[in-house]
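Undergrad: Sequence plus the predicted model coming up.
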Amino acid sequence: MFHKILIANRGEIALRIIRACREMGIRTVIAHSTADAASRPVRLADESVCIGPPEARASYLNIPSIISAAAITDSEAIHPGYGLLSENPAFAEICRACGITFIGPSPEAIRLMGDKAQAREMAKHAGAPVVPGSEGPLGGVDEAQGLADSIGYPVIVKAAAGGGGRGMRIVREREGLARAYATCQAEAGAAFGSSELYLEKFVEEARHVEVQVLGDKNGMRLHLGERDCSVQRRHQKLLEESPAPALAPETRAGLYKAALAVANAVNYVSAGTVEFLVDRNEQFYFIEMNTRIQVEHPVTEMVTGIDLVREQIRIAAGEPLGYRQSAVRFTGHAIECRINAEDPEHFVPSPGRVTAWIAPGGPGVRVDSHLMAGYVVPPHYDSLIAKIIVHANDRGEAIARMHRALSETVVEGVKTTIPYHLKLLADPAFVAGESTLARLEQNL
Ligand code: MV4
């Protein structure tokens with residue numbers, strides 16, 4: 001096992017990784033920006049190295065600084081958390097070249113899954129259902145037009161290097177395709193450095209259901225069930241839950257089988273997430289694979305009792321998973337609400353000083369947060385300040401428990417999305433388990 005791990009992240013996930021390391025007897029080093037010098041994870045880590053100014057580009061994304069911080073502190077491994085460098089194949093390669101263990105999958109798996117057109121082909125060959133659409137990247141607008149005519153509108157044009165909702169355009173009729181193609185191509189080139197596009201039939205009123213997988217270095221792979229992440233706004237997830245509401249047992253079994261087929265096809269090691277769209281008829285389609293620990297991992301931890309960050313670290317150190325699929329038991333229902341320092345109506349960031357913070361507690365409540373009274377939410381990073389996770393016997397009890405937990409939470413000094421969540425939890429469509437990707441965005 002490692003003696004010391006460097007954490008190349010900030011906020012609640014940095015704290016989450018420190019907690020796992022503490023329990024495993026591993027020393028922690030946090031690499032942080034000047035803006036985070038007084039933060040809870042920096043105070044709680046065994047050592048800290050300031051790696052640059054507030055702007056992420058110059059600190060949390062500065063590969064030479066992070067590698068130097070690992071080298072001077074004798075860190076054997078780097079945990080990248082989520083976002084930032086977590087899905088950067090070049091960073092994983094540089095770690096490997098420097099003799100530092102990257103806590104995550106291989107650079108090859110990251111690179112393959114980072115190309116969403118290639119990932120789609122891979123999934124199709126592995127036997128996972130994909131949405132009708134292009135084979136590999138599109139050759140040009142004429143090919144896109146021919147394909148869209150044959151599969152029928154609406155279609156969605158996506159950047160191969162995009163993902164997570166970035167660089168995509170829904171096209172509802174033939175007349176709109178050429179223009180969408182051109183803007184998508186230009187945006188993709190500017191944002192990702194690759195203008196490759198692919199095209200799919202647009203699945204209306206879909207649910208976003210993702211399957212958590214784990215793979216070890218001996219080729220053992222397991223799934224840890226699914227999460228429903230259909231409550232989103234502008235591709236930012238707001239609430240996630242496990243299990244997904246109202247899925248037929250056959251659909252669930254099909255999702256698990258497809259997720260493991262994809263993970264097996266790339267010899268996937270570490271924690272990963274296979275994303276699917278599930279349509280009204282419970283047809284499901286692979287869309288992407290995320291090769292990192294995800295923000296919403298706690299809901300899976302609550303229903304399985306498995307510590308995913310601990311498993312990532314054990315796997316990176318070469319330890320076998322050590323249990324079979326049949327030993328993974330699913331208990332009750334978990335819900336996570338992401339609390340952002342944002343206006344609850346328009347979701348505009350609300351950085352500033354948190355003058356009061358009273359976290360919720362009581363039975364079945366978990367809080368993953370780096371907040372403390374007096375903390376200043378910096379304007380430089382995403383606005384997630386806390387994740388409140390509840391676990392209960394069933395979905396109804398979990399909704400009631402979340403409502404209770406949010407009602408006792410106090411955050412003063414910045415606006416938060418708590419009022420949005422309280423409304424959502426009382427929304428009849430949400431309570432009925434009928435949330436789909438577009439619907440809630442319109443209704444609330
Ligand atoms: C889709 C889709 C419908 N059909 N693909 C966006 C994030 C990325 N992970 C995949 N995304 C989607 N891909 C096909 N073929 C719907 C989404 C989608 C979405 C669409 C409209 C409004 C909100 C959305 C939220 C999440 C995903």
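TA: Nice, I can see it.

Undergrad: To what extent is the residue lying closest to A356 once chain neighbours are set aside buried, counted in neighbours?
TA: Spatially, and ignoring its direct neighbours in sequence, A356 is nearest to E412 (3.9 Å; C-beta to C-beta, 6 or more residues apart in numbering). Backbone N, C-alpha and C define where each C-beta goes, glycine included. The number of residues packed near E412 is 12, by other C-beta atoms under 10 Å.

Undergrad: The ligand versus E412, what's the distance?
TA: 32 Å (C-beta to the nearest ligand atom, to the nearest Å).

Undergrad: With G152 instead?
TA: Applying C-beta to the nearest ligand atom, the value for G152 to the ligand is 13 Å.

Undergrad: Enumerate every residue touching that residue.
TA: K201 (C-beta atoms under 8 Å, 6 or more residues apart in numbering).

Undergrad: Let's see that with 10 Å instead.
TA: Each residue near G152 by C-beta atoms under 10 Å, 6 or more residues apart in numbering is listed here: 132, 201-202.

Undergrad: Quick check: which ranges of the protein have low pLDDT?
TA: Scanning the chain for pLDDT under 70 picks out 438-444.

Undergrad: can you point me to the longest strand in it?
TA: strand 221-233 (DSSP state E).

Undergrad: my read: the residue nearest to A356 touches G374, true?
TA: No: using C-beta atoms under 10 Å, E412 makes no contact with G374, being 11.2 Å away.

Undergrad: what touches both of the two?
TA: By C-beta under 10 Å, 6+ apart, the residues touching both E412 and G374 are 353-357.

Undergrad: could you flag which of the residues you listed are buried?
TA: Buried by 16 or more other C-beta atoms under 10 Å: 354, 357, out of those.

Undergrad: which one among the shared contacts of E412 and G374 gets closest to C50?
TA: R353 (21.7 Å; C-beta to C-beta).

Undergrad: which residues touch that closest one?
TA: Contacts of R353 by C-beta under 10 Å, 6+ apart are 373-377, 412-414.

Undergrad: can you check I51 too?
TA: I51 neighbours (C-beta under 10 Å, 6+ apart): 8, 30-34, 58-60, 62, 64-66, 68-69.

Undergrad: Out of the residues you listed, list just those in helices.
TA: Among those, the residues falling in helices (DSSP state H) are 64-66, 68-69.

Undergrad: In CSV: the residues you listed, plus neighbour count and distance to the ligand.
TA: CSV is the format used below for these (neighbours: other C-beta atoms under 10 Å; distance: C-beta to the nearest ligand atom, whole Å):
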residue, neighbour count, distance to the ligand
P64, 9, 31
S65, 19, 31
I66, 27, 27
S68, 15, 34
A69, 23, 32
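
Undergrad: Go through those and name the one nearest V431.
TA: Distances from V431 to those, taken by C-beta to C-beta, are shortest for I66, at 44.5 Å.

Undergrad: Around the ligand, pick out the residues from this protein.
TA: When proximity is defined as C-beta under 6 Å from any ligand atom, the chain approaches the ligand at 131, 156, 164-165, 200-203, 206, 208, 232, 235, 275, 277, 287-288, 437-438.

Undergrad: Just the buried residues of those residues.
TA: Buried among those (16+ other C-beta under 10 Å): 131, 156, 200-203, 206, 208, 232, 275, 277, 287-288, 437.

Undergrad: And for the most centrally placed residue in the chain, nearest residue in space, chain neighbours not counted?
TA: Computing the C-alpha centroid of the chain and ranking residues by C-alpha atoms, centre = their mean puts Q294 first, at 3.4 Å. Excluding its sequence neighbours, the residue lying closest to Q294 (C-beta to C-beta, 6+ apart) is T273, at 5.5 Å.

Undergrad: Equivalent analysis for I5, please.
TA: A77 (4.9 Å).

Undergrad: for that neighbour, which residues make a bridge with it?
TA: I5, T101 (DSSP bridges).

Undergrad: isn't it right next to R27, touching?
TA: No: A77 lies out of contact with R27 (C-beta under 10 Å); the separation is 11.1 Å.

Undergrad: Which neighbours do these two have in common?
TA: Contacts common to A77 and R27, judged by C-beta under 10 Å, 6+ apart, are 2-6.

Undergrad: Drop anything exposed from those residues.
TA: Buried among those by 16+ other C-beta under 10 Å: 2, 4-6.
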